[in-house]
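Participant: requesting a structural model of the entry that follows:
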Amino acid sequence: MAALLEITPARAIEQLQHDLSLSPTELAGALNASPRTVKRWRESQTHPQHNTRVRLAALVTLDHHLRETFGSSEAVQAWLHASNRHLGGLTPADALRAGRVDRVEAALEALDSGIFL
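Facilitator: Got it, this is the predicted structure:
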């Protein structure tokens, strides 16, 4: 079952840009949208369609999971920008920019289960 977005798209975008330090262009890549469209969502001028809302909800869920796992913004940022074996040497931030939230979530699950300690 797909995650539901429990906050407004504008608030979700603001939160993700802050918590994950994603630029509008990076967030657009993660959502498979244009930076201009993301800007309009952030300003509540328009709203994302269903599939994009699902991707946005998945990013918010990932953000919460990251904060639960690492406990601090600094630790989250360190993990996001470090090469990751589970991602074939890519950083989780690179995978997010490519729209692969699922792969980042899988890498985090692997870490949580002790696979790559």
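Participant: could you say which helix or strand contains the residue lying closest to His86 once chain neighbours are set aside?
Facilitator: Excluding the flanking residues, the one nearest His86 by Cβ to Cβ, 6 or more residues apart in numbering is Ala107, at 3.9 Å. For glycine as for every other residue, the C-beta is placed from the backbone atoms N, C-alpha and C. Assessed by DSSP states H and E, Ala107 sits inside helix 101-112.
Participant: helix or strand for the nearest residue to Gln77 once chain neighbours are set aside, which one?
Facilitator: The shortest distance from Gln77 to any non-neighbouring residue, by Cβ to Cβ, 6+ apart, is to Ser21 (6.2 Å). Using DSSP H and E, Ser21 sits within no helix or strand.
Participant: residue numbering should commence at 35 henceforth.
Facilitator: Renumbered: residue one is now 35, and that last one reads Ser55.
Participant: might you report the residue contacts of the closest residue in space to Ser68 that isn't next to it in sequence?
Facilitator: What sits nearest to Ser68 in space, not counting adjacent residues and going by Cβ to Cβ, 6+ apart, is Ala62, at 5.8 Å. For Ala62, the contacting residues are Ser68, Pro69, Thr71, Val72, by Cβ atoms under 8 Å, 6 or more residues apart in numbering.
Participant: from those residues, which land in helices?
Facilitator: Pro69, Thr71, Val72 (DSSP state H).
Participant: for Asn85, state which of those residues is nearest.
Facilitator: Ranking the ones in helices among the contacts of Ala62 by separation from Asn85, with Cβ to Cβ as the measure, puts Thr71 on top at 13.1 Å.
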